[in-house]
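Visitor: the following block contains a protein sequence and its predicted model.
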Amino acid sequence: MRQLIEITSVPIEIEMRTSRAQLQYTRGTAELEVSRDKGGLSIKSRPIQLNVDTFEMRQSIVPTAPRSIEQAAQKGQQTAYSATAALAQEGELYLKAKIGENVQAQLSKTAISKEMFSQPGMTFIPSEGPEIDWDPGEMNIRFEMDKLNFDWRVNQTKFEFIPGDIEINVKQKAEVIIKYIGGPLYVPPSADPDYEPVDVKA
């Protein structure tokens, strides 16, 4: 008896693709901004200052009323002192006088000598000079160099993790193929042109 059925099994076909995990990063960038502050040169000078005080000099030429009164008072006081000294000297001569001595002659000589020396002499005006004073000069020099300012702007490095991937693709499903490979079946069997009766012996 020949085989009528052919059974064929087709296995499953799977395609698998995998990708590795990755760590990606972007590099940081840096920006530099430079600015300059200008310096400069500054010079400050103050010249010498002369101070002249002529008050006493003017007072010695033309004194004011208060100064005139003060000078007259001083002269009166000095004259009183001189007169007192002269009277004291004259009294001393009288006390020391001896009998027969000419005291008047000595007094006359003393008076003549005083008058000679008491006469006003030559004087220079002004008798006082000006008071001169000064403040020294001053010079300040200031030099400032230019300044450079650096401003860094740095962007941080960024990391990105990409996980791995597994891709499964079924290209062919598993199946079983059943194929009839026999000839046609006739019902009744006697309709088959190649039919041969079956000899059945009792």
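Guide: Okay, I see it.
Visitor: just how off-centre is the top helix by length along the chain within its chain?
Guide: Among the segments of the chain that qualify as a helix by DSSP state H, the longest is helix 65-96. Put simply, helix 65-96 sits 77 Å off its chain's centre (CA atoms, centre = their mean, to the nearest Å).
Visitor: show me what that helix packs onto, helices and strands only.
Guide: For helix 65-96, the contact count by 3 or more CB pairs under 8 Å, 6 or more residues apart in numbering; DSSP states H and E identifies helix 103-118 as packing neighbours. Where C-beta positions appear, they are placed from N, C-alpha and C, glycine not excepted.
Visitor: show me what the spatially most central residue of the chain is bridged to.
Guide: The structure's the chain has its C-alpha centroid closest to residue 147; by CA atoms, centre = their mean the separation is 10.3 Å. Taking DSSP bridges, one obtains residue 37 as the residues bridged to residue 147.
Visitor: tell me which residues touch it, please.
Guide: The neighbours of residue 147, taking CB atoms under 8 Å, 6 or more residues apart in numbering as the test, are 36, 37, 39.
Visitor: top of those residues by neighbour count?
Guide: With neighbours taken as other CB atoms under 10 Å, the top of the contacts of residue 147 is residue 39, carrying 12 neighbours.
Visitor: do you know how far it is from residue 4?
Guide: Counting by CB to CB, to the nearest Å, the separation of residue 39 from residue 4 is 111 Å.
Visitor: then residue 66?
Guide: Residue 66 is 165 Å from residue 4, where distance means CB to CB.
Visitor: find the least confident helix or strand in the chain, judged by mean pLDDT.
Guide: helix 103-118 (a mean of 54; mean pLDDT, DSSP states H and E).
Visitor: any idea which helix or strand comes after that one?
Guide: Read in the C-terminal direction, the helix or strand following helix 103-118 is strand 131-135, with elements assigned using DSSP states H and E.
Visitor: if you count contacts, what does that following strand end up packed against?
Guide: Of the remaining helices and strands, those touching strand 131-135 by 3+ CB pairs under 8 Å, 6+ apart are strand 49-53.
Visitor: strands paired with the strand it packs on, and their directions?
Guide: Sheet pairing here is set by DSSP bridges, and for strand 49-53 it gives strand 131-135 (antiparallel).
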